[in-house]
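Visitor: the sequence and its predicted three-dimensional model are supplied below.
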Amino acid sequence: MIAVLLDQLDSTAEADLILVRLAAAVDEVTCLLGSAPDRDRVAALGAAGASHLAWADLAPDGPSGPWVAALAALVGPDDAVLAPSTRAGNEVAARLALRLGRPLSVGADSIAVGGPGLVVTSTAFTATWHLTTELPKASVVTAVSAGVQVPPPTPRTPGVRRLELDLTPAPHEPVVVAAAPKAAGAGPRLTEAAVVVSGGRGTDGDFSLIEEFAGLIGAAVGSSRVAVDQGWASPERQVGQTGVSVAPEVYIAAGISGAVQHLAGMVAAKQVVAINTDPDAPIFRACDLGIVGDLHTVLADAVAAVRKAQPVHC
Amino acid sequence: MTIVVCVKHVPDPADPVVLAADLRVDREAGAGTLSGLDEYAVDQAVRLRRARERVVAVTMGPRGARAAVTRALQMGADEGIVVSDEALAGADVLTTAAVLAAAVRSVGDADLVVCGMSSTDGGSGVVPVLVADLLGWACAGHAAAVELDGGRVTIQRDDPDARRTLVAPLPAVVSVTDLSGEPTYPSFKAILAARRRPVREVGLSELGLGTPSTAPGTRTVSAVEADPRPPARIVTDSDGSGAAALLELLAGRSLLEVDR
């Protein structure tokens, strides 16, 4: 069996289904959910290949300890565990590996049966290296969902059961005392958009053309860390090692110099377009199309051209 | 009480990565640097230092790793500990966390450990929470802001759906993001002053640890360098040529045809 950790705060329903499909190619899947699934969810997870659904009352924004305890109760000595490679997912996975004395592999982009049990692949050092790692079956693995090759699902009709466990957090676990919700924002999610348009220092704080162009073509808006630091973009827009990792068809970096920490979040994009006034910016060595020019001019021209071609939407 | 800040010496991210024959990172190959995100951790530790307290910078790594502690001292840490042992070459995250936890214990009166949210090389970001679990302490990770208040630590954390405020009792481990405030860079005077601060070099036995298990469970069986990206097509924008090239690329992938 392979246990799959779902319902993490920083994962999405779409990413959870990708995780289930990755796991279903390895073994019979048991999902851990944070609440009782309704009929649609049971069907969706079954269609992705889940055989069993185990749930407990586990708040996605609660401490990781109870999630670790629930997984520990779920897995037997020969079972594998797969979690999303997000901040929350990696935390639960690492704590579980420590608690159970299991090997840990973080950030896989594929997982298969082989070697001593499992073979996972991952990229390292801003995707300049491809690594293949062998682990025993009874390991804890976390996997990315952006841009991974997902095996075709084998539909199942999963059984649902409630985990009867005391999941009271330990007294030292952190407690959420306040939450300021963020506006959902218009347009597609950064992690799911086919096109991402990101702005950096070169915007000089003016994201209006980036937002206008993104809105016109149904793209998501991202940003560099500098733009977040300056207060020009909100933190959840930040693409990079310390922000979101994206894998769109096309990534457009507007006024972004291309620090290695930013590149780490966008290397999985199929095509990269860079717009920058500095012909020596490092981003021009990490793109497919480099436009040397002012991003405001280029995007204003692009907006005008798209509007002209779509007169109905003017 | 004492604040411990964990720092890592990493290959300069701008240099190509060199892997040794055993597929581990060759940490002696090039000039290294203090892992970029750890600068935020040092800065926060120094800022949080209360009256009559000290900040101890701890690192684990080969001989050159001392440079990370030196940098932390220049940024305001009071003392340093360098854990260096040949048995630690290629240590995984669990071993690293066990060594750092033992170093924290050796400090005696630490009640707060500050880490960067991730290293710039390994980058799994799980060492802080493992250190916390090994010490039996709270872990408040990925803080964009940290404050101490009596026996508690309060952090601000940016989640995709909300900015949350979390509280944990001390002793605790906190990891900070690069939104926790730009680190202040040391003056020449601070660099000179750092040379007089004590740095203790210890091996595993001095921390009461045995040689790490030789069966780590995971084994990297191949490491292949990615094909270099072909040189970009460069268009110098003139009279709309930049926008034309951009739209042509999008249209070629049918990304302009969606009716919105």
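Guide: All right, it came through fine.
Visitor: could you use CA atoms for every contact and neighbour count after this?
Guide: Will do.
Visitor: for stretch A:207-221, what is the average pLDDT?
Guide: When pLDDT is averaged along stretch A:207-221, the result is 95.
Visitor: what about that stretch and chain B, touching?
Guide: Yes. Judged by Cα under 8 Å from any Cα of the partner chain, stretch A:207-221 comes into contact with chain B at A:216-218.
Visitor: can you give me the end-to-end span of stretch A:145-162?
Guide: Taking Cα to Cα, to the nearest Å, the span from the opening residue of stretch A:145-162 to its closing residue is 27 Å.
Visitor: tell me the mean pLDDT over it?
Guide: Stretch A:145-162 shows a mean pLDDT of 90.
Visitor: ok, now stretch B:49-58?
Guide: 94.
Visitor: before we move on, back to that, looking at the residues of stretch A:207-221 next to chain B, which one is closest to B:D92?
Guide: Taking Cα to Cα as the measure, B:D92 sits nearest to A:G218 out of these, at 42.3 Å.
Visitor: narrow the residues of stretch A:207-221 next to chain B to those in helices?
Guide: Where the residues of stretch A:207-221 next to chain B overlap with helices, as defined by DSSP state H, the overlap consists of A:216-217.
Visitor: need the residues of stretch A:207-221 next to chain B in CSV (columns: neighbour count).
Guide: Converted to CSV, those look like this (neighbours: other Cα atoms under 10 Å in any protein chain shown):
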residue, neighbour count
A:L216, 19
A:I217, 20
A:G218, 21
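Visitor: closest one of the residues of stretch A:207-221 next to chain B to A:T157?
Guide: In terms of Cα to Cα, no member of the residues of stretch A:207-221 next to chain B lies closer to A:T157 than A:G218, at 35.7 Å.
Visitor: now the closest one: how far from A:D280?
Guide: Here A:G218 is placed at a distance of 30 Å from A:D280 (Cα to Cα).
Visitor: one more: B:A89?
Guide: In this structure, B:A89 and A:D280 are 38 Å apart, going by Cα to Cα.
Visitor: quick one, what contacts the residue nearest to A:G34 when sequence neighbours are not counted?
Guide: Spatially, and ignoring its direct neighbours in sequence, A:G34 is nearest to A:L58 (4.4 Å; Cα to Cα, 6 or more residues apart in numbering or on different chains). Taking Cα atoms under 8 Å, 6 or more residues apart in numbering or on different chains as the definition of contact, the neighbours of A:L58 are A:33-35, A:66-67.
Visitor: so which of those residues are in helices?
Guide: A:66-67.
Visitor: measure stretch B:8-18 end to end?
Guide: Counting by Cα to Cα, the terminal residues of stretch B:8-18 are separated by 18 Å.
Visitor: over to stretch B:198-208?
Guide: 21 Å.
Visitor: stretch B:77-94 too?
Guide: Taking Cα to Cα, the first and last residues of stretch B:77-94 lie 26 Å apart.
Visitor: so that stretch, near chain A or not?
Guide: Yes. Applying Cα under 8 Å from any Cα, one finds that stretch B:77-94 is in contact with chain A at B:L94.
Visitor: quick revisit: adding distance to B:V82, write the residues of stretch A:207-221 next to chain B out as JSON lines.
Guide: Written out in JSON lines, the entries for these read as follows (distance: Cα to Cα, whole Å):
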{"residue": "A:L216", "distance to B:V82": "54"}
{"residue": "A:I217", "distance to B:V82": "53"}
{"residue": "A:G218", "distance to B:V82": "51"}
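Visitor: nearest to chain B among the residues of stretch A:207-221 next to chain B?
Guide: A:I217 (6.0 Å; Cα to the nearest Cα).
Visitor: can you name the element that comes right after the helix or strand bottoming out on mean pLDDT in chain A?
Guide: One helix or strand of chain A scores below all others by mean pLDDT, DSSP states H and E: helix A:260-263, with a mean of 89. Stepping forward along the backbone from helix A:260-263, the first helix or strand reached (DSSP states H and E) is strand A:271-276.
Visitor: who are the packing partners of the helix or strand that comes right after that next one?
Guide: Next in sequence after strand A:271-276, counting helices and strands by DSSP H and E, comes strand A:289-292. Using 3 or more Cα pairs under 8 Å, 6 or more residues apart in numbering or on different chains; DSSP states H and E as the contact criterion, the elements in contact with strand A:289-292 are strand A:271-276, strand B:233-236, helix B:241-252.
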